[in-house]
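[1] Got a predicted structure plus its sequence, pasted below:
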Amino acid sequence: MKSNLLSNIYNPADLRLLKEEQLTEVAQELRQFIIDVVSVKEGHLGASLGVIELTIALHYVFNTPEDLLVWDVGHQAYGHKILTERREIFHTNRQIEGISGFPKRTESIYDTFGVGHSSTSISAALGMAIASKLKGDIYKQHIAVIGDASIASGMAFEGLNHAGVTDANILVILNDNAIGIDPSVGALKKYLTAVKNGKNPKQNNIIKSLNFDYSGPIDGHDFPTLIKELNRLKKIKGPKFLHIVTTKGKGLQQAEENQVKYHAPGKFDASTGEIHLKSEENLPPKYQDVFGLTILDLAKKNEKIIGITPAMPSGSSLKFMMDELPERAFDVGIAEQHAVTLAAGMATQGMMVYCNIYSTFLQRAYDQVIHDVALQDLPVIFCLDRAGLVGEDGATHHGVFDIAYLRSIPNIIIYAPINEIALQNILYTAQLGLNHPIAIRYPRGRGVLQNWEVENFGHYEKINIGEGSCLKNGTKTAVLSTGAIGNNVIEALNECSNSDEIAHYDFSFIKPLDINMLNNILSTFENIITIEDGVKKGGFGSAILEFAATNNFKNDIKILGIPDEFIEHGSVLQLQQLCEIDVKSLINLFSNGVK
């Protein structure tokens, strides 16, 4: 009868009771456990499969949680979670009220640092190491595990640069698999490839030049080599760097062969690896594809158009343009600050630059938006993908802050399309020539128009900047929505028996607001409801309140949106219900009258 070692491992202390030769079996069981759960529950797959041996070796050699282990980004930490007292609840991963898809300090003492965005691990682990030394704890180990895509980011270099002039007890492990979500890019990737292929001279080592004790590259799937090297490094003081080579998706053939698709494949057959295809017949297009197809079409007609994305060509659909017009579409790697200022530099030379960054990641380039773009009033076109609630990735990835953090910046235009037609038209309008930068925010997932590509693609209309529209007349209450959340309002009003009492206005332009329309609304309706899929503090509703107060209007204004708290993970519908901006909540609000 085949033993099941994993079922007897509750935490790393149990793992350390095993003989080293048993770890290979643990790795096989752990891989299969992840495959079995993720195939049904969905989530990140390839990254965790690629670090199974490393995960086991780290918890086997080091005395976690006393020794501090930091995972960069964290989508590769499923094995870590299963080995650290969460095996029995791992099936709740990324589900509402379940465990997070990323390491989270409030979830486990083994999760030493909350992550979700890249390139933070070295700085965090260094901070821990310096603090340990100041407290006199000279034997505690501090390990940062970072991928080759993340280490190319500026913040990782800042951490390495500082660590190299300290005597901090830190070990940086480079998990080199030549891919993040999309394949890694840039000169550093070429350097690492040369190192792996033995084509780089020993004296030309970047890491050694930063005063790290460098070792590797070694096979990250070879237990004896891994454990021997980790045990050696444990005894060495000061900054250390271990370069390991792994295969993303290791152990599942399809995941190894198609690493982009199997990063987060959705539901699949655990035994064969075949992805369960969802029928896309008669479905509206994804907003990402509306962007990607539209910018490609526009770029073919306007040679000044440039596309930029920081490491998200597939997710953003800029890949359409990269494939057909590679000289004018750039993946700059995980480098949001660089992406924004690169776009600014191009804009000074008259180029029409579409800088496509997920809303949550533009937060990482806030100074560049202010200092390099808005202050100089350069007409960069920011395309903020994944705006609003994104679902199962949770608090680290929700794009709910962009309205609030951009609205305070002078010169910038903020636009949120209600549907696919509005998105393609604002993309068209932007390249006709604007005098200011513009941020176009749109959600993750599908739009609302089944036949968009057949009926509307390529048929463009210029949008008048700062102009709103009345979608529906009413007698008592005015609902002011911005962006795609307005479709919830439309659907709710279709279900309300008293819908004739409620007017609906689309404020696609959050900045500048349509002042004439707003004056008319506030003069006509006593009750006003604003709705947005962003934070209520400082957002669209706040802008309406500010205008009303400044102009001495006394209307009863109710703001709907994201409350002043971090929203956890769950489906988008579940999270909208939590925030009371889903269709059912709106029906209840409208039907019961607005107080």
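    Everything's here; your move. Numbering: from 1, shown residues only.
[2] check contacts around the most centrally placed residue in the chain.
    For the chain, the residue sitting closest to the mean C-alpha position, by Cα atoms, centre = their mean, is His397 at 4.6 Å. Listed by Cβ atoms under 8 Å, 6 or more residues apart in numbering, the contact set of His397 reads 116, 358, 360, 386, 390. From N, CA and C alone the C-beta is placed, and that goes for glycine too.
[3] Same question for Ile528.
    477-478, 480, 521-522, 544, 548, 555-558.
[4] Tyr366 too?
    If you count contacts by Cβ under 8 Å, 6+ apart, Tyr366 has them with Tyr405.
[5] make it 6 Å
    Applying Cβ atoms under 6 Å, 6 or more residues apart in numbering, one finds that Tyr366 lies in contact with no residue.
[6] which stretch of helix or strand covers it?
    For Tyr366, the host element (DSSP states H and E) is helix 366-367.
[7] measure stretch 568-575 end to end?
    Using Cα to Cα, to the nearest Å, the span of stretch 568-575 from its first residue to its last is 8 Å.
[8] which parts of that stretch are buried?
    Buried residues in stretch 568-575, defined by neighbour count with 16 or more other Cβ atoms under 10 Å: 568-570, 572, 574-575.
[9] of these, closest to Thr225?
    Using Cβ to Cβ, His569 comes nearest to Thr225 of those, at 36.6 Å.
[10] so how far is Asn516 from the residue lying closest to that closest one once chain neighbours are set aside?
    The shortest distance from His569 to any non-neighbouring residue, by Cβ to Cβ, 6 or more residues apart in numbering, is to Gly394 (3.2 Å). Between Gly394 and Asn516 the distance, using Cβ to Cβ, to the nearest Å, works out to 40 Å.
[11] Same question for the helix or strand of the chain with the lowest mean pLDDT: list its buried residues.
    For the chain, counting by mean pLDDT, DSSP states H and E, helix 187-196 ranks last in confidence among helices and strands (a mean of 82). Along helix 187-196, these residues count as buried under the neighbour rule (16+ other Cβ under 10 Å): 188-189, 191-192, 195-196.
[12] Gly394 and Asn516: which is more packed in?
    Counting neighbours by other Cβ atoms under 10 Å for Gly394 and for Asn516 shows that Gly394 has the greater number, 22 against 11.
[13] Are we agreed that Ala339 is in a helix?
    Yes. Ala339 forms part of a helix when assessed by DSSP: H, G, I helix; E, B strand; the rest coil.
[14] Let me know the pLDDT of it.
    Looking at Ala339, its pLDDT stands at 97.
[15] Who are the contact partners of the closest residue to it other than its chain neighbours?
    By the measure of Cβ to Cβ, 6+ apart, the closest residue to Ala339 outside its immediate chain neighbours is Pro310, 4.4 Å from it. Residues in contact with Pro310 (Cβ under 6 Å, 6+ apart) are 332, 334-336, 339.
[16] can you tell me which of those lies nearest to Ala156?
    Scanning the contacts of Pro310 for proximity to Ala156, where the rule is Cβ to Cβ, the winner is Ile334, at 8.7 Å.
[17] who's in contact with that closest one?
    For Ile334, the contact set (Cβ under 6 Å, 6+ apart) comprises 118, 149-150, 153, 310-311.
[18] give me the element it is part of.
    Using DSSP H and E, Ile334 falls outside every helix and strand.
[19] separation between it and His117?
    The spacing between Ile334 and His117, counted by Cβ to Cβ, is 9 Å.
[20] And for Lys135?
    Noted for Lys135: a distance of 28 Å to His117, by Cβ to Cβ.
[21] the more surrounded of the two?
    Here Lys135 and His117 are compared on neighbour count by other Cβ under 10 Å; more neighbours surround His117, at 22 against 9.
[22] show me where the stretch 1-150 of the chain has strands.
    68-71, 142-147 (DSSP state E, counting those that start in this stretch).
[23] circling back: now the two most distant members of the buried residues of stretch 568-575.
    If you compare every pair in those using Cβ to Cβ, the most distant one turns out to be Glu568 and Val572, at 12.8 Å.
[24] tell me which of the contacts of His397 is nearest to Thr272?
    Thr272 has its nearest neighbour among the contacts of His397 in Val390, at 29.5 Å by Cβ to Cβ.
[25] is it true that the closest one lies in a helix?
    No. The assignment for Val390 (three-state DSSP) gives coil, which keeps it out of a helix.
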